[in-house]
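[1] Sequence and computational prediction follow.
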Amino acid sequence: MGRVTCYRCFWPQKLCWCDSITPMPTRTKFVLLMHPKEFKREKANTGRLAHLCLPNSEIQMGMGFDDNEIVQRQIADPEYHSVLLYPGLEAHNLSSKDPLPSELTRKPLQVFIIDATWSGARKMLRISPTLQRLPRIMFIPTAPSRYVIKHQPQQGCLSTLESMHELLTVLEKSGLDTYSLPEQLHSIFDRMQKFQMDCASDSTLGGYRRQAYGKTSDRKPFRGKSGSRRRYLKIWPNPPEAS
Ligand SMILES: [Zn+2]
């Protein structure tokens, strides 16, 4: 059975998101650096849905970005102060009460966001020294993940879309931007998740699972091998040390 796909949101045309999304203009520019595996995940790709809501955002797919001319031009763009969203001691924590460093306030920010698992993100950073050199920002999430479908390995782990919501929230609180529709990203996220759960409970559909999804609160953190699937955006506030 063929299906017609919307090539903007990559969902089947019948479920296309595009008409239900209200674009949110931002002073900040967001560049999602997407691991090829994330890029292929189509329906579970929350980064792409966030991108559709944010007209001042772009997606660049790849592993290393030092040879990516578009990304290099973006990093050098004098209109923006470029930063990398990546937690760690050297990152400016936007959730803290610390005064903003002056370079964060002089120009609009261009935030590069790696959309990958932790191990994927570390590798992407390792092979992209131009990204390593960017000043870093981070935040502390205010709410646990709403994700029911993909088990979150530990508290404080967020999907890309949820991370974008948290980031926009702290940018607004810091006076660096305005966040016009704070409900929108979550409602899109909930709708996406409901669709996936409906598929999982219907044995005639492709996503059927014999065991229903458990409640988020019943989760136990993953250990061992599955830990390598952790997504770096979700690990706050104590990310593993880079190896
Ligand atoms: Zn669409």
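    Thanks, I have the structure now. Quick caveat, the model's predicted, so the values are computed rather than measured.

[2] Briefly note if the helix or strand where Met192 lies comes near the ion.
    Per DSSP states H and E: Met192 is located in helix 184-201. No. Judged by CB under 5 Å from the ion, helix 184-201 stays clear of the ion, getting no closer than 12.0 Å. For glycine as for every other residue, the C-beta is placed from the backbone atoms N, C-alpha and C.

[3] Show me what that helix packs onto, helices and strands only.
    helix 46-53, helix 160-173 (3 or more CB pairs under 8 Å, 6 or more residues apart in numbering; DSSP states H and E).

[4] how far off helix 184-201 does the last one point, in degrees?
    The directions of helix 160-173 and helix 184-201 differ by 170 degrees, with axes from the mean of the first three to the mean of the last three CA atoms, to 10 degrees as the criterion.

[5] Could you check the helix holding Met192 and say which residues are buried?
    Judged by neighbour count (16 or more other CB atoms under 10 Å), helix 184-201 contains these buried residues: Gln184, Leu185, Ile188, Phe189, Met192, Gln193, Gln196, Met197, Ala200.

[6] From those, which one has the minimum pLDDT?
    Within the buried residues of helix 184-201, Ala200 has the lowest pLDDT, namely 69.

[7] what ranges do the strands span in this protein?
    Assignment of strands within the chain using DSSP state E yields the ranges 29-34, 57-61, 81-85, 92-93, 109-115, 136-138.

[8] I'd like the average pLDDT over the fourth one.
    Regarding strand 92-93, the rounded mean pLDDT is 95.

[9] What are the contacting residues of that strand?
    Asp98, Leu100, Pro101, Leu104, Pro135, Arg136, Ile137, Met138, Phe139, Ile140 (CB atoms under 8 Å, 6 or more residues apart in numbering).

[10] ok, back up a step: pick the one among the buried residues of helix 184-201 closest to Glu166.
    Using CB to CB, Leu185 is the member of these that lies nearest Glu166, at 9.6 Å.
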